[in-house]
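> The sequence and its predicted three-dimensional model are supplied below.
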Amino acid sequence: MEMKPINEKADTADNDSHPYISSTALLFGAFIVVEQCLLLRKHLLTPPLFVSFSLELFLIFLFFIRPKIGSRLESVLISIEQLAPFPTPSSSLLMLLYASFVNSYFSAKKGLLLGIIAILCTCISGFLFPFSVMGKGGCLSFSLLIALFVCCGTIFKIWKAKEVHSHDEAFTQYNLTIARYLHDHIANNLSAIILATESKDSMQQTDLDTVQKMATAALFQTREAIRALEYVEKSESKAFTFVHHSSNSSATEELEEFITEHQELLHALGFDGQIFFSNSDSSTLTEAETPFIRNLLTELFGNIVKHSKADDRYYMIISIDDQNCYIEMTDSPSQDKTGVVNNGSGLSYYQKKILEMKGSFHINSKKHSWSICISLPLNGRWTHSYFFPQNH
């Protein structure tokens, strides 16, 4: 089954339903009908006048049900009507301005072409009927109005296109964030579970407890991701914030507990090593920095499970001061396990983000050794969060 992003909409290029445009066209059309009826009381109903009035009624209806084609035909009809020997209602001229705006909104090129036709007909009308509304310079003023409405329609089209693009970009980023959350947490937990169950014949009760703990965490994280996906379809809000269930302890203490917990988990899976954690008294982590560092460490811990030799030790140093967070890690890659020993999709993502933050990210990969050295700038010089709904 083909998967589609949650914000993908049906192609609306051929969908000609525009209620606001149709409603405004119907309003202008009502004024035209009223004015035409008043003019018919003063003039004989000649065949040309009858044909013009009938076409006007039809195109008003077409403008209402199919604005794109209706606005174009309406613009052409009113432009030609200005060359007729009978007077053109003022409401029809207003409709021409509105049709010029709508034409440019739907298509800048076609709107410009129809606008030029309307301006030419207006100028010819002023020349043919010098004592009419378009005579004595009136055609020049009206031509400028047509040009103005054509420009406004094009500008409005560009603005709407940028708004749609911005909205789509926000939802695309939201989808990528959910995918990153699934990769950082659930995939790594599931990899650890698979590894733990490979030796199921010799598993002890403590191993089963570890597997149960990881499976429970993976289930919770899956529900968080699903809840976020459900939320985005129910709410029109574009603002999402990361939900982090924390105690009253400081962010640095929480990070230290997080590291200890994962070191114990790695030990239960058969991976022994040393983690050195230090921070200066002046170091403080913000709400944006803490989850990013925690998720980066989750990725590194997951890579130990997926790519390292269980009988060789890993070493990790985490140091935080008031300006930067430094992370260094080294281990021995296993040639038996599948996966990328150098840059997988997870590390590539973090490398891109860290370099965008003006930090440093270096990997040294050899046949029997693998190391990484990361420097993250702190002190609120960057922001990062998972965009999960706050109220659920």
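Noted; the coordinates are in hand. Residues are numbered from 1 along each chain as shown.

> Now do the helices in the stretch 51-200 of the chain.
Assigned by DSSP state H, counting those that start in this stretch, the helices in the stretch 51-200 of the chain fall at 67-81, 90-106, 108-128, 138-181, 188-197.

> I'd like these as a markdown table, with mean neighbour count, mean pLDDT and distance to T298 appended.
(Each C-beta comes from the backbone N, C-alpha and C, glycine too.) Formatted as a markdown table, the helices of the stretch 51-200 of the chain follow (neighbours: other C-beta atoms under 10 Å; pLDDT from 0 to 100; distance: least, C-beta to C-beta, whole Å):
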| stretch | mean neighbour count | mean pLDDT | distance to T298 |
| --- | --- | --- | --- |
| helix 67-81 | 22 | 91 | 51 |
| helix 90-106 | 23 | 92 | 48 |
| helix 108-128 | 19 | 91 | 49 |
| helix 138-181 | 16 | 84 | 10 |
| helix 188-197 | 19 | 62 | 6 |
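
> Output those as TSV; include the columns distance to I317.
Shown next, in TSV, are those (distance: least, C-beta to C-beta, whole Å):
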stretch	distance to I317
helix 67-81	64
helix 90-106	60
helix 108-128	59
helix 138-181	25
helix 188-197	21
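
> Which one, of those, ends up nearest to N364?
helix 188-197 (22.4 Å; C-beta to C-beta).

> element containing the closest residue to I60 other than its chain neighbours, please.
Leaving aside its chain neighbours, I60 sits nearest to G29 (3.5 Å; criterion: C-beta to C-beta, 6 or more residues apart in numbering). In the assignment (DSSP states H and E), G29 maps to helix 19-42.

> Same check on Y315?
With DSSP H and E as the criterion, the answer for Y315 is strand 314-320.

> ok, now how distant is A147 from I293?
For A147, the distance to I293 equals 57 Å [C-beta to C-beta, to the nearest Å].

> surely I60 meets V34?
No - counting by C-beta atoms under 8 Å, V34 is not a contact partner of I60; they are 12.0 Å apart.

> So between the two, which is more surrounded?
Neighbours per residue, other C-beta atoms under 10 Å: of I60 and V34, the larger number sits with I60, 19 against 12.

> residues in contact with the more buried one?
Contact partners of I60, counting by C-beta atoms under 8 Å, 6 or more residues apart in numbering, are A25, L26, F28, G29, I32, V33, G70, E74.

> Would you mind listing which of the residues you listed are buried?
A25, F28, G29, I32, V33, G70, E74 (16 or more other C-beta atoms under 10 Å).

> which two from those residues end up farthest apart in space?
V33 and G70 (15.4 Å).

> that older thread, among the contacts of I60, which one sits closest to F106?
So of the contacts of I60, ranked by how close each gets to F106 (C-beta to C-beta), first place is G70, at 10.7 Å.

> after the strand holding Y315, next one along is what?
Criterion used, DSSP H and E; the element after strand 314-320 is strand 324-331.

> ok, and what's touching that following strand?
By C-beta under 8 Å, 6+ apart, the list of residues contacting strand 324-331 reads 273, 289, 293, 296-297, 300, 304, 307-309, 312-320, 359, 369-378.

> let's see it at 6 Å
293, 300, 304, 308, 314-319, 370-378 (C-beta atoms under 6 Å, 6 or more residues apart in numbering).

> Make a PyMOL selection of the buried ones in the residues you listed.
Buried residues within the contacts of strand 324-331, by 16+ other C-beta under 10 Å, are selected in PyMOL with:
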select buried, resi 293+300+304+308+314+316+318+319+370+372+374+375+376+377+378
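
> show me where pLDDT drops low in the stretch 151-300 of the chain?
Applying pLDDT under 70 to the stretch 151-300 of the chain picks out residues 179-249, 281-284, 287.

> rerun that using 90 as the cut-off
160-273, 277-300 (pLDDT under 90).

> For the helix holding G29, buried residues please.
Result for helix 19-42 [16+ other C-beta under 10 Å]: buried residues I21, S22, T24, A25, F28, G29, I32, V33, Q36.

> could you dump that helix to PDB, C-alpha only?
C-alpha atoms of helix 19-42 as PDB (Å, rounded to 0.1, in the frame of the first residue of the first chain):
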ATOM      1  CA  PRO A  19     -17.300  30.300  -2.900                       C
ATOM      2  CA  TYR A  20     -15.900  33.800  -2.100                       C
ATOM      3  CA  ILE A  21     -15.300  34.600  -5.700                       C
ATOM      4  CA  SER A  22     -18.700  33.100  -6.700                       C
ATOM      5  CA  SER A  23     -20.600  35.100  -4.100                       C
ATOM      6  CA  THR A  24     -19.000  38.400  -5.000                       C
ATOM      7  CA  ALA A  25     -19.700  37.700  -8.700                       C
ATOM      8  CA  LEU A  26     -23.300  37.000  -7.900                       C
ATOM      9  CA  LEU A  27     -23.500  40.300  -6.000                       C
ATOM     10  CA  PHE A  28     -22.100  42.300  -8.900                       C
ATOM     11  CA  GLY A  29     -24.400  40.300 -11.200                       C
ATOM     12  CA  ALA A  30     -27.500  41.400  -9.200                       C
ATOM     13  CA  PHE A  31     -26.500  45.000  -9.600                       C
ATOM     14  CA  ILE A  32     -26.100  44.500 -13.400                       C
ATOM     15  CA  VAL A  33     -29.500  42.900 -13.700                       C
ATOM     16  CA  VAL A  34     -31.200  45.700 -11.800                       C
ATOM     17  CA  GLU A  35     -29.400  48.400 -13.800                       C
ATOM     18  CA  GLN A  36     -30.100  46.700 -17.100                       C
ATOM     19  CA  CYS A  37     -33.800  46.500 -16.300                       C
ATOM     20  CA  LEU A  38     -33.800  50.200 -15.600                       C
ATOM     21  CA  LEU A  39     -32.000  50.900 -18.900                       C
ATOM     22  CA  LEU A  40     -34.500  48.800 -20.800                       C
ATOM     23  CA  ARG A  41     -37.300  51.000 -19.600                       C
ATOM     24  CA  LYS A  42     -35.600  54.000 -21.300                       C
END
